Each structure stands twice: as structure tokens, then as C-alpha cells.
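**Student:** All I have is the shape, not the residue letters:
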Ligand SMILES: N=CN[C@@H](CCC(=O)O)C(=O)O
Ligand SMILES: [Mn+2]
Ligand SMILES: [Mn+2]
């Protein structure tokens, strides 16, 4: 399937002039290989739910990037240059899509930009990783009810961090991976064992408060130079984020997720922001998309 180029955004229009500016009026198209101004943010969508399908989940996340753009569009001007590189569109060739996403992310990093990756099922994370793999000092901080460390002979939405760990091990490195929001009940012993074997730092959902989540993120950022921050929306309570494949029975408070985002942004180590698992077909009144849009806005607002 052909990838989608930038399409100009639309949204509420209160009149001309910078005082009325919103995301939709300031976002510009961006093509890999071109330059970026200082502080440039580049969004790229990963329109894919093939990994969710392979993982036995509820498909629909391929429509996530469009819903995220729709929810961002009418928020006020974020105050820094924002660009949109369009969507990597994936059919059954998930691996090909991940490779294409990696190439776009790598080009954004080469241009000095901050990639903001709009998922897509959580298989998006391995595609983003392919963009930073081999660059020194990177690590991945996941906010998720699930480890996504499944052993499998092919990529799914449940395998991205196992794939990263395997690639890093092949290159003689350890993957710096921490995850906040883990549900003890929704991950089997096999997955906890895999996490322990890989030295993954874990903060359970039941232990998350804004203070513990913020401190957990601060500890992680202290040991890396650049953070791939990936937000799986199923970490949030189902009432806040119904629009996902696997809604949470408990979930962690939005204030905990905000504490993580603030800690990473405040440390100056945010290297890549990613939102995963938005499934608009299960959303209620766009609340999951709106929440995700505010988290993106929180992370990039000047
Ligand atoms: N991204 C995938 N995450 C979960 C899905 C769990 C579920 O569907 O219950 C996983 O594989 O563990
Ligand atoms: Mn996940
Ligand atoms: Mn999850």
C-alpha cells in the first residue's frame, strides 16, 4: 500500500493572525532529506494494526494517526515549528512498514528534529527504534499496562521491546528499557521472567502515583542521553482511554502519565515521542484521542 504524503490540516478558524493560530494553521509538510529549523517537531503516522491482528487483538489502530491529527488540529498554537511527514501505511507487510518508519525517523533525527510518531498498534515502537538504533546513549521508556516482550517468530504488537533487546544484544549492547504502569494481572510469569532477564525496570500500576511515576522517569533519564518515550494508551483507565485494543481494568491516572512526560521533557532528554494503540473505532466521543493529543501538546509545547 502506498504511503500517504502530507495533507494540509483543517480545524476551527477564528480569524487570521498569529493570535488565532492553532496546530492546524501552523503545521507544514516535511519531506525526508530536507532541513528543519531549530526546535522543529516532525510528526509521522504509522497507519497499522497488522501487529495487533497478529497478536489476537481488536483491529482499528490503523486509523489512529488520522484521529490524533484531528484531535490536535484545533488546539492552540504550540509555539514551536511543527511539521507533518504524512503516514507510513501498512498492509500485511508489517516488517516493511517498520523499516520505512525507521527510515523517516532516522531522517528526522539527522535533520536535528524531534520525531513525534503517531500510532498505530504498538508494533510502531520497533519501527521508531530502527530510526535511532546505533545512535549512542538512547533508551526506551514505555508507559504501558503490558511488557510487550513476547517471544514470537514474527513481529506483533506484543513483541517490539523483545525485538529491540535482541537487536541490541546482537550489536553487543544492553537495551535500556523501563516501563511504568505494568498490570501484574495482565502479564504472565513468562513475561515477568523475560523482563527480569533483560534487566527491565518496572513500576506497577498499583504503585503509580504522580510522585513515584515522576521519580521513576527521572531515574531512567539520568542513565541515558536520549529517550524514546512511548505512550501506550491502554495504560490509562478504560474510562479515560476506551479507544484501545485492550482497555485497562485498573489503569494509571492521567496525572501519573503527565508526571512521566514532564520528567522526561524537563530533563532535556526527549529524543522521540510516540503514541500507540489508539483505536478510534472503540473510542467514546473522541476522549482517548483528545487525551492523547493533550499529552502530545504537553510534550512539545514551547
Ligand atoms: N500491545 C499488545 N499488548 C498486549 C495485549 C494484551 C491483551 O490483548 O490482553 C500483550 O501482548 O500483552
Ligand atoms: Mn503496548
Ligand atoms: Mn498495552
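**Tutor:** Yep, it's here. Predicted, not measured: the structure shown is a model, and the values here were computed from it. Ligands and ions are numbered 1, 2, ... in the order given.

**Student:** Scan the protein for its longest helix.
**Tutor:** helix 94-110 (DSSP state H).

**Student:** What residues of that one count as buried?
**Tutor:** By neighbour count on 16 or more other CB atoms under 10 Å, the buried set for helix 94-110 is 94, 97-98, 100-102, 104-109. In this view, the C-beta of every residue, glycine as well, is placed from N, C-alpha and C.

**Student:** Does residue 139 touch residue 175 like I think?
**Tutor:** Yes: judged on CB atoms under 8 Å, residue 139 makes contact with residue 175 at a distance of 7.4 Å.

**Student:** quick one: which of these two has more around it?
**Tutor:** Ranked by neighbour count (other CB atoms under 10 Å), residue 139 and residue 175 place residue 139 first, with 24 against 20.

**Student:** Without its sequence neighbours, what residue ends up closest to residue 235?
**Tutor:** Of all residues not flanking residue 235 in the chain, residue 181 sits nearest, at 3.7 Å (CB to CB, 6 or more residues apart in numbering).

**Student:** Which strand or helix spans the one you found?
**Tutor:** Per DSSP states H and E: residue 181 is located in strand 177-182.

**Student:** Could I get the buried residue list for the helix or strand immediately after that strand in the chain?
**Tutor:** Where DSSP H and E defines the elements, the next helix or strand beyond strand 177-182 is helix 189-197. Buried positions in helix 189-197, judged by neighbour count with 16+ other CB under 10 Å: 191-192, 194-195.

**Student:** Residues contacting helix 189-197, please?
**Tutor:** 146-147, 149-151, 162, 179, 202 (CB atoms under 8 Å, 6 or more residues apart in numbering).

**Student:** What is the subsequent helix or strand relative to that helix?
**Tutor:** strand 201-204.

**Student:** What is the three-state secondary structure of residue 274?
**Tutor:** strand (DSSP: H, G, I helix; E, B strand; the rest coil).

**Student:** so it makes contact with residue 232?
**Tutor:** No: counting by CB under 8 Å, residue 274 does not reach residue 232; the two are 9.1 Å apart.

**Student:** Give me the distance between whatever residue of the stretch 51-200 of the chain ends up closest to ligand 2 and residue 232.
**Tutor:** Closest approach between the stretch 51-200 of the chain and ligand 2, counting by CB to the ion: residue 122, at 3.6 Å. Separation of residue 122 from residue 232 (CB to CB, to the nearest Å) stands at 6 Å.

**Student:** Specify the beta-bridge partners of the spatially most central residue of the chain.
**Tutor:** Centroid-nearest residue in the chain: residue 274, 1.9 Å away (criterion: CA atoms, centre = their mean). As for beta bridges, residue 274 partners with residue 117, residue 230 under DSSP bridges.

**Student:** same deal with residue 203?
**Tutor:** Residue 203 forms beta bridges with residue 180, as assigned by DSSP bridges.

**Student:** Would you mind measuring from it to ligand 3?
**Tutor:** Using CB to the ion, to the nearest Å, residue 203 is found at 14 Å from ligand 3.

**Student:** number of nearby residues for that residue?
**Tutor:** Neighbours of residue 203 (other CB under 10 Å): 24.

**Student:** wait, it sits on residue 209?
**Tutor:** No: applying CB under 8 Å, one finds residue 203 not in contact with residue 209, separated by 9.9 Å.

**Student:** Checking my notes, residue 64 in a strand, right?
**Tutor:** No: assigned with three-state DSSP, residue 64 falls outside any strand and is helix.

**Student:** Read off the pLDDT value for it.
**Tutor:** pLDDT for residue 64: 98.

**Student:** number of nearby residues for the closest residue to residue 259 other than its chain neighbours?
**Tutor:** Distances taken as CB to CB, 6+ apart place residue 214 nearest to residue 259, at 3.8 Å, with adjacent residues excluded. Residues within reach of residue 214, counting by other CB under 10 Å, total 21.
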